[in-house]
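1. next comes the sequence, and after it the predicted model I'd like to discuss.
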Amino acid sequence: MGTENPGRPNFPMRPSFTPFASAPPTVRPFSPHGPATGPESSNFRPSPPARFSDPSVPSPPITSVPPSGVPYQRFPTPPFPSAAQAPPNRAPPVGQPPFQPPASQVSVPPPSFRPQTQALPVPMGSPPQNANFPPSSMNAPQPPTDSSLSGIRPNFQQPFPGYPSKQPAGSYGPPPSVAANLGYQSRDQMQHPGSAPPIGGVQRLTEDFSSLAVASIPGTNDPALDNRSLPRPLDGDVVPSSFLEMYPMNCDPRYLRLTTNAIPNSQSLVSRWHLPLGAVVCPLAEAPEGEEVPAINFSSTGIIRCRRCRTYVNPYVTFTDAGRKWRCNICSFLNDVPGEYFANLDATGRRIDLDQRPELIKGSVEFVAPTEYMVRPPMPPLYFFLIDVSISAVRSGMIESSLTQPQMMVVSDLDDIFVPLPDDLLVNLSESKNVVETFLDSLPSMFQDNVNVESAFGPALKAAFMVMSQLGGKLLIFQNSLPSLGVGRLKLRGDDLRVYGTDKEHILRLPEDPFYKQMAADLTKYQIGVNIYAFSDKYTDIASLGTLAKYTGGQVYYYPSFQSGIHGEKLSHELARDLTRETAWEAVMRIRCGKGIRFTSYHGNFMLRSTDLLALPAVDCDKAYAMQLSLEETLLTTQTVYFQVALLYTASCGERRIRVHTAAAPVVTDLGEMYRQADTGAIVSLFSRLAIEKTLTSKLEDARNSLQLRIVKALREYRNLYSVQHRLGARMIYPESLKFLCLYGLALFKSVPLKGGYADVQLDERCAAGFTMMALPVKKLLKLLYPSLIRIDEYLLKPSAQADGFKNIMKRLPLVAESLDSRGLYIYDDGFRFVIWFGRMVSPDIAKNLLGPDFAAELSRLDIIVGIQHIQDLLQMLAMINVALTEHDNEMSRRLMKILKKLRESDPSYYQLPYLVRQGEQPREGLLLLVNLIEDQMGGTTGYADWITQIQRQVQQN
């Protein structure tokens, strides 16, 4: 795969889409390609008061009256929830469903994971529409259980502090027991000649589906759904473990995740799936702790590959003919084994040298590539800095240096760019380190008197391309103003409010000038990746600038209203990581799959060189790519499908390498099994990319509606699987694997690229967030959608002897205003910033020790600040507060800094700056924290409970 020469990239035309109606009869697929779109929110809107309860007042009754067939309706939007009240006393939310141990071991033939079990006798006919169900999930047949164990629910989340530990009436109870067979493949079985992956000694699963009682309070539209019963991903991203046990030789899920680990065997099953069918690939993800990807050098034999489909040798190939031949697991072609690679087989068909062959026992390996995999000799890593030095950049402190007079040459002709001293502009860092440091020191003073407000970005970009085209490398662009001179000049867009909500709205999220997309194609052809660092206090057209990063495999870093006092530390850390993390240069990636299926669309930051070859001038561990697959044949006859990701790249050490990840997945005939083996993280990752791409061809509302429609159709299809055997009534049912799907769907609705309209998010913010989310790995994306909220004041106040370890304080809380206690101190962490929330009644010792006595007194005197219309103004106002959060000479301050350090180390891809917020301090509290409590109803958006009710009503409609 590595010998393909760079071809001329193709840019497929984007198909046009008909805007979705409220309930269209068919699903329109998302657009397959295109740039994406912006980070924080603007124009703070009020939202409804938080629901606080009193232990003396009983909760509203939970009934099973079915909801009326009223279509989607918007709920009233009162002001922001005030966190100024005392914490509520409520029963704990329910987390994981109860676990029941395996009942037995059974052995059944493939192809399905689970046998067709005999349903328990249930009266046939339509479910009664006015049945009242008891609150203990007795609407479905229950397996016989030991009565002494019936009340044990070991996996429920612990109650909130001060909440009564009581089983909520509306929680979903133990589901009916249905046997499910899961095959386990051993290495012995896989190495047996000609054997297909058997599905043998298996465990029975005690889950069929989970459910929630969803109804309305009689006479109102208010949901009677108990918030405590709603599933929440408080443990973060959890990869399905049963699948890992079934295929222990698969690569780690951090490299490759399928949206369902059960591949449908027919087109009819695919048409009933409704969710994205595909994969998310992060080829250079950091290896699990204590492990590393083994490097293999086939210097004498050459890399072992299938002669027909070019698959690399892997744990799922089988050897036959006494070890002289091997059968490809992808295309079944029988290949000869080179003499130098030959080994005898034992009595079970295994190679006798299997334990010395990592490529035959591990799902992830790295081959050292010989010269035939090189179009040219490996080039040294090259970093080129393109820096905006206009007056706005100087004033913001963007070009400040801590380390300033090498020679400066000025090219004044913007139309006919040339490069002075073309051979001397690039220097070896180790040989010229003193010159580079001298330049960095002189940079601020060079332009301190500059009063030019114009930016000749386009000509400078062309000059950088001319310098780099011989070697390739990474181009880092630091831009603070709108390009206004020469080729690629841009103009202000987005001021015409009449465009929003019309079919022309999406044009604002596309590059204005074709110069940028053409430059991206040229840069990719010459192996140049681009990272954009945008430091704007005004509109700079991120939609156009970000195109350079999108099509060259780069990323966009956005620092709205950059001020060195606020963002300097963040910029320093993120730039350092960009320069020092392991990077793959001159890379191309292809994913192969078994006969009968193929990948049809790819989503992320790359250039598609051919139908299935992704060109990636520079790729690293923080980049992920999503792709959708389809069936080429009406019916798959194989029992297992295999996938292999191959990334050919040049390492920073100058060695050409091929990283290979291989995984297997069973083919099933049962739609229910597809849902049970679904991977919510991969589905949400694909959903987010598809929805963001749809905003580039349609209105924001159309993108949100299409996302909601697919969730509704999937849950309706799943409901239909059980509507005959069970009297479901007003209960919402879903597979255990997708219990967080609705919440993540709501989080996507409220994410910066998709939420609201013109007044909710600035155009640049929306575009920058879209570019960022298109490249995020699954774990990072899920944390951005449902951030962490943890309480830390109790830990800070503990005596030193009791304050060991972080495990207890890392317990995440639901993102609702009710989680905030006015006596507490909380950290909100979305992976990009910290918000530290001081309750109004927090201990004075905490504020004094963390902030110092002078600043703590100042914080206590802060009154509500009015007149701030946008979050950028708010961030400027917070400069003093951010600087104030430094380590003080006391144990409490040191503990807080350790907590922040621990959180940053858990994912170092971005650096979180802390913002301090006092309870009741509006609009700061609302803009930085309350608007991000996604489970609450606020600012014209739906709350979690109302969203579930709304989804359920649409699921029940025919």
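-> Okay, I see it.
2. any low-confidence regions in the stretch 301-450 of the chain?
-> 397-427 (pLDDT under 70).
3. how about the helices in it?
-> Assigned by DSSP state H, counting those that start in this stretch, the helices in the stretch 301-450 of the chain fall at 391-396, 433-446.
4. packing partners of the last one?
-> Read that as helix 433-446. Here helix 433-446 touches no other helix or strand, going by 3 or more Cβ pairs under 8 Å, 6 or more residues apart in numbering; DSSP states H and E. Every residue, glycine included, has its C-beta placed from N, CA and C.
5. that helix: what's the following helix or strand?
-> helix 457-468 (DSSP states H and E).
6. give me the neighbour count for S268.
-> For S268, the count of nearby residues is 12 (other Cβ atoms under 10 Å).
7. what's the domain layout of this protein?
-> Annotated domains of the chain cover 305-360, 383-581, 787-933 [the TED database].
8. out of these, which gets nearest to I658?
-> Each of the domains of the chain was scored for nearness to I658 using Cβ to Cβ, and the closest is domain 305-360 (7.2 Å).
9. just the terminal-to-terminal distance for that closest one.
-> Using Cα to Cα, to the nearest Å, the end-to-end distance of domain 305-360 comes out at 13 Å.
10. now do stretch 735-755
-> For stretch 735-755, the end-to-end distance is 27 Å (Cα to Cα).
11. what sits against the nearest residue to P338 once chain neighbours are set aside?
-> What sits nearest to P338 in space, not counting adjacent residues and going by Cβ to Cβ, 6 or more residues apart in numbering, is T301, at 4.7 Å. Applying Cβ atoms under 8 Å, 6 or more residues apart in numbering to T301 gives the contacts 338, 340-341.
12. mark which of these are buried, thanks.
-> Neighbour-count burial (16 or more other Cβ atoms under 10 Å) applied to the contacts of T301 gives Y341.
13. tell me where the stretch 451-600 of the chain has strands.
-> For the stretch 451-600 of the chain, the strands defined by DSSP state E, counting those that start in this stretch cover 473-479, 528-534, 556-558, 583-593, 597-603.
14. what is the shortest one packed up against?
-> Put plainly, it is strand 556-558. Using 3+ Cβ pairs under 8 Å, 6+ apart: strand 556-558 touches strand 528-534, helix 542-550, helix 763-775.
15. partner strands of it, with direction?
-> According to DSSP bridges, strand 556-558 has the following sheet partners: strand 528-534 (parallel).
16. what lies in contact with the strand it pairs with?
-> Residues outside strand 528-534 that contact it (Cβ under 8 Å, 6+ apart): 465, 468-469, 472-480, 520, 523, 540, 542, 545-546, 548-549, 552-559, 571, 575, 578, 616-619, 764, 768.
17. wait, what's in contact with the nearest residue to G488 once chain neighbours are set aside?
-> Sequence neighbours aside, G458 is the residue nearest to G488 in space, at 2.6 Å (criterion: Cβ to Cβ, 6+ apart). With contact taken as Cβ under 8 Å, 6+ apart, G458 is in contact with 483, 485-489, 515.
18. what's the answer for D620, then?
-> Counting by Cβ under 8 Å, 6+ apart, D620 makes contact with 284, 581-584.
19. how about E891?
-> S800 are the contacts of E891 under Cβ under 8 Å, 6+ apart.
20. just checking, F342 touches R324?
-> Yes: counting by Cβ atoms under 8 Å, F342 does reach R324; the two are 6.8 Å apart.
21. quick one: low-confidence parts of this protein?
-> Along the chain, the model assigns pLDDT under 70 to residues 1-209, 213-224, 397-427, 726, 801-807, 854-884, 958.
22. could the strands of the stretch 451-600 of the chain go into CSV alongside mean neighbour count?
-> Shown next, in CSV, are the strands of the stretch 451-600 of the chain (neighbours: other Cβ atoms under 10 Å):
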stretch, mean neighbour count
strand 473-479, 24
strand 528-534, 26
strand 556-558, 25
strand 583-593, 23
strand 597-603, 20
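23. mind checking which of those is nearest P853?
-> It is, among the strands of the stretch 451-600 of the chain and with distance given as Cβ to Cβ, strand 556-558, at 36.2 Å.
24. how about G302: what's its closest non-neighbour residue?
-> P370 is the one closest to G302 (Cβ to Cβ, 6+ apart), at 6.5 Å.
25. circling back: adding distance to R498, write the strands of the stretch 451-600 of the chain out as CSV.
-> As requested, the strands of the stretch 451-600 of the chain are exported to CSV (distance: least, Cβ to Cβ, whole Å):
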stretch, distance to R498
strand 473-479, 29
strand 528-534, 27
strand 556-558, 27
strand 583-593, 43
strand 597-603, 31
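26. pretty sure M773 sits against A747.
-> No: the pair M773 / A747 is not scored as a contact, 11.4 Å apart, by Cβ under 8 Å.
27. if we can go back for a sec, ok, which of the domains of the chain comes nearest K779?
-> Shortest distance between K779 and the domains of the chain, using Cβ to Cβ, is found for domain 787-933: 7.6 Å.
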